[in-house]
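Asker: Give me coordinates for this.
(one chain, ligands or ions: 1)
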Amino acid sequence: MGKPYKYETVLVDIDDGIAWVTLNRPEKRNAMSPQLNHEMCDVVARMETDPDVRVLVLTGAGESWCAGMDLELFFRDLDDKPAERAVAIWETNEWRWNRLYTYPKPTIAMVNGYCFGGGFTQLIACDFAIASETATFGLSEVNWGIIPAGIVSKALIDCLSYRDGLYLALTGKSFSAKKAEEIRLINKAVPAADLRREVETLARDLIKLNPEALRGTKQAFKNVRGMGDVQAADYLAAKYSELKFRDKDDGYSKGIGQFIDDKTYKPAFGAYKPGK
Ligand code: COA
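Answerer: The predicted structure follows:
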């Protein structure tokens, strides 16, 4: 067993394949301090190869999911400390965009409350986002005189329509989870009491699928976004071959065999049986 996931600003609970990762600064509405970003770099780096983790769920302690970057500890305190600021910027992008966006395992944002500013980066980086109907969202940067920087504007334009993204970034208006669902910033808004159950059901469905196929699918889908057609087709062909090489369960042969020969399942309606 590796060293325990013990941190000051992050809680980790791994239960039957699901890693429940909770940003844990509720008194500051889970605003991201340099320490929190540093600890999250460790969490996601270690979980990447942790066999006990099949799906990563990201949530927040208390009534907030994440109130964005910590305006005091990440911004004002580092204004005159360029070296520390550079490290802090590097780490905040590292765990959220460099790692989570193309993470080899499925990721779910379980949005339990406020999601503001920089919080949009990990919201969009996660593969799925399910929010409580009580959650409130907002790109508040313009309200206090900055732009949605870090990687927020890039994440926004990747995820939302031009009109919706620009409207939200330019007005700084907060909006409801229902609105977030309508513009497809999130998959679904559910009653607060159902949030954890909804997320767990999705996570359990994902755990039934071949992990290498999931890894290849999500990386292929996300990485082809910035490519031209020719590069994308070549990259997808290489990714297809990579999957066969990586998949020790040989899902490709088993899936076809169980459908064509054994007639024990239909690919249209569910997963093949692994390990047989
Ligand atoms: N950075 C630093 N501290 C923050 C913070 C942030 N992004 N968001 C909240 N806090 C702190 C508050 O300063 C307060 O600290 P205090 O108890 O020492 O005074 C504490 O968290 C609770 O915040 P409060 O505003 O009293 O809670 P609330 O529940 O009434 O409101 C928010 C919650 C999230 C709506 C409000 O705190 C807010 O607008 N935060 C800023 C959100 C934002 O613009 N983020 C973008 C940053 S990129």
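Asker: Tell me how many other residues crowd Trp185.
Answerer: For the record, residue 185 is Leu, not Trp. When neighbours are counted by other C-beta atoms under 10 Å, Leu185 registers 24. All C-beta atoms are positioned from the backbone trio N, CA, C, and that covers glycine.
Asker: Local confidence estimate at the residue of the stretch 101-250 of the chain found nearest the ligand?
Answerer: For the stretch 101-250 of the chain and the ligand, the shortest gap (C-beta to the nearest ligand atom) falls at Gly117, measuring 2.6 Å. At Gly117, the predicted lDDT confidence score is 97.
Asker: For it, which residues are in contact?
Answerer: Listed by C-beta atoms under 8 Å, 6 or more residues apart in numbering, the contact partners of Gly117 are 67-69, 138-141, 148, 152.
Asker: If you drop the residues flanking it in sequence, what lies closest to it?
Answerer: Excluding its sequence neighbours, the residue lying closest to Gly117 (C-beta to C-beta, 6 or more residues apart in numbering) is Gly68, at 3.0 Å.
Asker: Which residues of the stretch 1-150 of the chain lie near the ligand?
Answerer: If contact is defined as C-beta under 6 Å from any ligand atom, the residues of the stretch 1-150 of the chain in contact with the ligand are 28-29, 31, 64, 67-72, 114, 116-118, 140-141.
Asker: Let me know the closest of those residues to Val12.
Answerer: Within these, proximity to Val12 (C-beta to C-beta) peaks at Ser64, which comes in at 18.4 Å.
Asker: since we're on that closest one, how many residues are nearby?
Answerer: Ser64 is flanked by 24 other residues according to other C-beta under 10 Å.
Asker: give me the low-pLDDT residue ranges for the stretch 151-276 of the chain?
Answerer: 276 (pLDDT under 70).
Asker: which among the residues of the stretch 1-150 of the chain next to the ligand end up buried?
Answerer: The neighbour count (16 or more other C-beta atoms under 10 Å) marks 28-29, 31, 64, 67-70, 114, 116-118, 140-141 as buried among these.
Asker: Among those, which are located in strands?
Answerer: If you go by DSSP state E, those have 64, 114, 116 in strands.
Asker: Turn these into JSON lines, columns for distance to Gly251.
Answerer: Putting those into JSON lines (distance: C-beta to C-beta, whole Å) gives the following:
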{"residue": "Ser64", "distance to Gly251": "40"}
{"residue": "Tyr114", "distance to Gly251": "40"}
{"residue": "Phe116", "distance to Gly251": "40"}
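Asker: circling back: inside helices: which ones of the contacts of Gly117?
Answerer: Among the contacts of Gly117, the subset assigned to helices under DSSP state H consists of Val152.
Asker: any chance of the contacts of Gly117 in TSV, plus distance to Gly172?
Answerer: Listed next are those as TSV, based on distance: C-beta to C-beta, whole Å:
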residue	distance to Gly172
Ala67	14
Gly68	12
Met69	15
Gly138	7
Leu139	6
Ser140	5
Glu141	7
Pro148	10
Val152	13
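Asker: I'd like to know which residues of the stretch 151-276 of the chain are adjacent to the ligand.
Answerer: When proximity is defined as C-beta under 6 Å from any ligand atom, the stretch 151-276 of the chain does not approach the ligand at any residue.
Asker: how about the helices in the stretch 151-276 of the chain?
Answerer: Counting by DSSP state H, counting those that start in this stretch, the stretch 151-276 of the chain forms helices over residues 152-159, 162-171, 177-182, 195-207, 211-223, 229-246, 251-260, given from the N-terminal end onward.
Asker: Output those helices in CSV, with distance to Gln35 appended to each entry.
Answerer: Formatted as CSV, the entries for these read as follows, by distance: least, C-beta to C-beta, whole Å:
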stretch, distance to Gln35
helix 152-159, 21
helix 162-171, 28
helix 177-182, 28
helix 195-207, 26
helix 211-223, 29
helix 229-246, 35
helix 251-260, 41
